[in-house]
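Peer 1: Quick one, what's the 3D model for this:
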Amino acid sequence: MITTILLTFGVLFLAELGDKSQLMALTFALRYRWWVVLSAITVASVLVNLIAVGVGHFLGAALPTEIISLFAAAILIGVGLWTLRETLPGREDDDEAEDEAQLPASRSAFFVVLSAFLLAELGDRTMFATMALATNNGWVAVWIGSVLGMVAAGGLAILVGVTVGKHVPERTIAVCSGLLFLYFGATTLLGTVAPGLGTVAMVAAGALLPLAAGAVLLALRRRAGSGERHVHHPDAEALPRSSAQASPPDAH
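Peer 2: Just a heads-up that it's a prediction; the model follows:
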């Protein structure tokens, strides 16, 4: 059993390195508290790998991965748009109200990360690897090893995200996170509706959505900046007038 656990751990950990799920973990860690992301990844890993070993060991059947991938793409794009919405000009005044609602925000972040990971992992290559291992090995050992491997890979990504987050401004993190979520959602959607696309074409096409969103966000920021430059403060205009009126008359 120990051998199977170690084998499954190594396979899943290596399969997750550089995978979309690990990049998602890093991105979520840039946006939410690390313990929220790690706990959601742990729960999602337990559930998805339990499904995988059950399907591989007992049923030997496949899940409707296309429908699941569509839901995952919708969630990722929705999270990306919501994250970018928080960076729009004029949102600074809402920071205090958001800080007061920290507990509900953490709770909602947990379910966002949980649902995104659960849907992203269902039908992913790591799930098929777990299913394959469960067909020839004890399902309990495969389940334990797969959960540990996925959590370890996610924890490594979270560590990187937390380290980067300490040296990058919060608004920059929010913008980068939102654009990455849009990219993950777009590539997931393209991989579902157009599976015949090559890797280069999918990467290029998936980048169109975050590029368009970034261009819109930049245009809104420039528009807001130009609007602020054209606004004259009444006190600033009144100051020269009052100074001129208060100056003593010329002695000559």
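
Peer 1: Helices along the stretch 51-200 of the chain, start to end?
Peer 2: If DSSP state H, counting those that start in this stretch is used as the criterion, the helices of the stretch 51-200 of the chain fall at 65-85, 95-100, 102-121, 125-136, 139-165, 170-193, 199-206.

Peer 1: what's the closest of these to residue 1?
Peer 2: helix 139-165 (4.6 Å; Cβ to Cβ). Every C-beta, even on glycine, is put in place using the N, C-alpha and C of the backbone.

Peer 1: rewinding a little: nearest to residue 217, of the helices of the stretch 51-200 of the chain?
Peer 2: Between these, helix 65-85 lies closest to residue 217; by Cβ to Cβ that is 6.1 Å.

Peer 1: just checking, what packs against the closest one?
Peer 2: Under the contact criterion of 3 or more Cβ pairs under 8 Å, 6 or more residues apart in numbering; DSSP states H and E, helix 65-85 touches helix 102-121, helix 170-193, helix 208-229.

Peer 1: One more pass at 10 Å, please.
Peer 2: Here helix 65-85 touches helix 20-31, helix 102-121, helix 170-193, helix 208-229, going by 3 or more Cβ pairs under 10 Å, 6 or more residues apart in numbering; DSSP states H and E.

Peer 1: Name the stretch among those helices that sits most buried.
Peer 2: Of all the helices and strands packed on helix 65-85, helix 20-31 has the most neighbours on average by mean count of other Cβ atoms under 10 Å, namely a mean of 24.

Peer 1: name the helices or strands packed onto that helix?
Peer 2: When contacts are defined as 3+ Cβ pairs under 10 Å, 6+ apart, helix 20-31 packs onto helix 2-16, helix 34-54, helix 65-85, helix 102-121, helix 125-136, helix 139-165, helix 170-193.
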